[in-house]
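Visitor: Turn this into a model:
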Amino acid sequence: MLRRVAKFFLAFVLGSLVFSFLIFVGTLYVISSGPDVQENSVLWLRLSPNIVEKASNNPLSQLIDPRETIGSVVQSLRKAKVDERIQSVVLIPPAQQGLWGKVQEIREAIKDYKSSGKKIVAFLEYGGNQQYYLATACDEIFLTPTSPLDFTGVARSELFLREAFNKIGIYPDMLHAGDFKTASNLYTETTFTPEHREMSEALNRDLFEQLVAGVAKGRRMSEEDVFQLINEGPFLPKDALSKGLIDGLMYEDEILDFLEADDKGVTPIPHSDYQYVSGSSVGLNEGPAIAIIYAVGPITLGYGTVDVAGGDVVGSQAMVDAIRSARLSDGIKAIILRIDSPGGSAVASDIIWREVALATEDKPVVVSMSDVAASGGYYMAAPADVIVAQPATLTGSIGVFAGKLAFGEVLKKFGIGLETIADGQMSDMNSVGASYSDEARERMQKQIDAIYEEFLNRVSEGRGMTRDEVHSVAQGRVWTGQQALSVGLVDELGGLEHAVLVAKQHAGIDIGQEVERHIYPRARTFSELLSGSFGATIGSFLKTNQNKSSLYKPFVQLESIYLFQNGEPLTLMPFLYRP
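Guide: Okay, the predicted model is just below:
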């Protein structure tokens with residue numbers, strides 16, 4: 001029986017390797033040959049529901065569930081801008097909504113594309129707030145004749161599990177440094193604390209004002225008129241048209257007829273094909289080299305992990321290797337650290353901070369923030385020469401927390417005994433069997449406070465601020481990129497392309513010259529995947545399904561907490577819950 005199982009497993013592994021090799025060869029062939037782009041083509045840019053920051057380091061994930069990246073979308077628009085074969089672009093936003101940073105990244109790319117004088121129109125199959133915000137960057141907006149325009153403003157919901165924990169016998173024993181460090185409030189509170197409410201209201205209001213300003217500019221309306229329209233929403237399709245929020249009602253098949261400029265007609269080419277047009281074939285991505293180093297996901301010690309769901313985890317050693325490689329390479333003229341991370345281990349964040357600080361001694365280092373670059377994500381950014389963020393990026397959260405969930409009472413309810421043998425007065429302080437003793441809690445708080453002070457010093461050194469100036473905008477408070485600019489935590493607003501421009505300026509490269517982009521860290525090989533953590537866990541299931549129901553989301557946060565040790569000091573931002 002065991003021999004049969006072994007043979008089956010060996011056959012499965014060999015088959016997977018062969019399949020992976022064939023896919024790899026096929027992909028290389030497509031990339032090398034490039035798609036056939038006809039004259040008078042229309043780039044059909046249908047965005048996928050789950051656009052990620054970068055392709056997963058897990059080759060199996062790339063085969064099973066390949067995700068569209070924000071970089072591929074932006075690069076397709078950059079290529080279409082200069083590609084004479086592309087006549088126009090049709091943008092179709094996804095129905096699903098997420099955070100706002102990546103939306104602004106695409107919006108920025110649309111504006112850059114429009115400088116070519118070519119047309120870009122938006123087709124909304126569903127018109128939610130984010131979809132409409134993105135569409136207003138286009139020349140014209142068309143809505144499906146049966147779809148409402150749900151243009152109603154910005155709302156955020158936050159969960160609190162304390163009462164549920166009380167009922168089942170779980171005690172969340174958490175400590176923190178910073179009045180606004182609310183990452184543990186999901187577990188410890190039954191509602192908003194005053195600081196938590198103040199921060200959440202300020203974030204929501206700023207995002208709302210960005211929505212109003214963006215729509216007003218895109219639709220050539222006053223902000224007062226847009227504000228009034230939001231209060232009148234949602235809109236029936238005909239009402240959205242009569243109010244001037246859209247330019248027409250039509251179905252997808254009617255878009256091409258609308259775009260035909262003459263009797264020659266137009267040929268649609270999907271983004272899924274056009275993304276394989278090489279940048280060099282249209283005069284892009286050639287010249288001096290810069291490094292773009294991606295830090296995506298929660299931060300842990302070591303080389304990081306990936307699971308079969310494709311969720312990336314930033315490993316401190318993997319980041320050190322990548323930054324050091326770029327720093328020591330004579331061909332790399334500047335480094336861009338692209339961050340999309342809520343933070344994580346305080347020690348791991350500090351290790352990455354050290355390597356970023358060393359890199360700034362050798363060449364320009366520019367940070368580009370995506371949706372989130374907060375807590376540990378901000379820690380690693382602090383020593384950079386320039387920090388660039390989108391107006392809607394969530395950043396800051398300069399604070400520390402630590403603790404554990406004590407399961408002793410719930411174990412008793414189920415008749416489960418937990419006995420601990422301990423030598424050393426504090427050896428069992430992080431056991432899940434009971435809450436901290438008074439002495440253990442005092443020692444833990446002392447450790448958290450020391451790390452918070454170190455965090456303040458790191459930011460003070462990097463930003464040229466005093467310790468007290470940093471403390472006044474720290475204490476765990478989360479800021480939008482726009483707010484962070486006003487308090488000195490960010491230098492400029494913009495996306496990755498703006499960060500490339502800044503890097504060229506600091507490296508002495510002509511701003512009109514193209515650059516070759518070297519991407520770090522490299523993807524894992526299939527053999528590395530097999531030798532590492534392989535297999536579907538409950539965490540993989542939750543991550544795979546977290547967008548299918550809002551009920552999964554708090555449990556995804558619970559799963560992510562267990563990337564870390566009980567009692568490990570964390571520089572991790574508050575959980576982001578969106579219904």
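Visitor: Which parts of the stretch 101-250 of the chain are strands?
Guide: In the stretch 101-250 of the chain, the segments counted as strands under DSSP state E, counting those that start in this stretch are 119-124, 140-143, 171-177, 248-249.
Visitor: wait, which of these is closest to Met199?
Guide: strand 171-177 (13.7 Å; Cβ to Cβ). In this view, the C-beta of every residue, glycine as well, is placed from N, C-alpha and C.
Visitor: coming back round to it: now distance to Gly481 and mean pLDDT too, for the strands of the stretch 101-250 of the chain, in JSON lines please.
Guide: Shown next, in JSON lines, are the strands of the stretch 101-250 of the chain (distance: least, Cβ to Cβ, whole Å; pLDDT from 0 to 100):
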{"stretch": "strand 119-124", "distance to Gly481": "24", "mean pLDDT": "97"}
{"stretch": "strand 140-143", "distance to Gly481": "26", "mean pLDDT": "98"}
{"stretch": "strand 171-177", "distance to Gly481": "24", "mean pLDDT": "94"}
{"stretch": "strand 248-249", "distance to Gly481": "34", "mean pLDDT": "97"}
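Visitor: now for these, which one comes closest to Arg517?
Guide: strand 119-124 (24.0 Å).
Visitor: closest one to Thr571 among the strands of the stretch 101-250 of the chain?
Guide: strand 171-177 (10.1 Å).
Visitor: ok, now which ones touch Ala122?
Guide: Val90, Leu91, Ile92, Pro93, Leu134, Ala135, Thr136, Cys138, Glu140, Ile141, Phe142 (Cβ atoms under 8 Å, 6 or more residues apart in numbering).
Visitor: Who does it form a beta bridge with?
Guide: For Ala122, the beta-bridge partners under DSSP bridges are Leu91, Ile141.
Visitor: residue contacts, Val37?
Guide: So Val37 contacts Asp83, Arg85, Ile86, Ile269, Tyr274, Val277 (Cβ under 8 Å, 6+ apart).
Visitor: Can you tell me which of these has the most neighbours?
Guide: Of all these, Ile86 has the most neighbours under the rule other Cβ atoms under 10 Å, reaching 26 neighbours.
Visitor: Any regions of the stretch 401-550 of the chain where pLDDT drops low?
Guide: 523-550 (pLDDT under 70).
Visitor: Where do the strands of it begin and end?
Guide: So, for the stretch 401-550 of the chain - with DSSP E, counting those that start in this stretch - the strands run 478-480, 492-493, 516-520.
Visitor: Of all these, which one is nearest Ala326?
Guide: Of these, nearest to Ala326 by Cβ to Cβ is strand 516-520, at 6.0 Å.
Visitor: can you pull the buried residues of the closest one?
Guide: Across strand 516-520, burial judged by 16 or more other Cβ atoms under 10 Å covers Glu516, Arg517, His518, Tyr520.
Visitor: Residues contacting that strand from elsewhere in the structure, which ones?
Guide: Against strand 516-520 from outside (Cβ under 8 Å, 6+ apart): 54, 285-294, 322-323, 325-326, 332, 500.
Visitor: So, low pLDDT: which residues of this protein?
Guide: 1-33, 56-67, 261-263, 305-311, 523-562, 575-579.
Visitor: distance between the ends of stretch 37-50?
Guide: End-to-end span of stretch 37-50 (Cα to Cα, to the nearest Å): 26 Å.
Visitor: Distance from the chain centre to it, please.
Guide: 24 Å (Cα atoms, centre = their mean, to the nearest Å).
Visitor: And it, what's buried?
Guide: Buried residues in stretch 37-50 (16+ other Cβ under 10 Å): Val37, Asn40, Ser41, Val42, Leu43, Trp44, Leu45, Arg46, Leu47.
Visitor: The last one contacts Ala95, correct?
Guide: No: the pair Leu47 and Ala95 does not pass the contact test of Cβ atoms under 8 Å, sitting 10.0 Å apart.
Visitor: Just the buried ones out of the contacts of Ala122, please.
Guide: Burial by neighbour count, 16+ other Cβ under 10 Å: within the contacts of Ala122 this picks out Val90, Leu91, Ile92, Pro93, Leu134, Ala135, Thr136, Cys138, Ile141, Phe142.
Visitor: Tyr520 - nearest residue in space that isn't next to it in sequence?
Guide: Ranked by Cβ to Cβ, 6 or more residues apart in numbering and with sequence neighbours excluded, the top spatial neighbour of Tyr520 is Ala322, at 3.9 Å.
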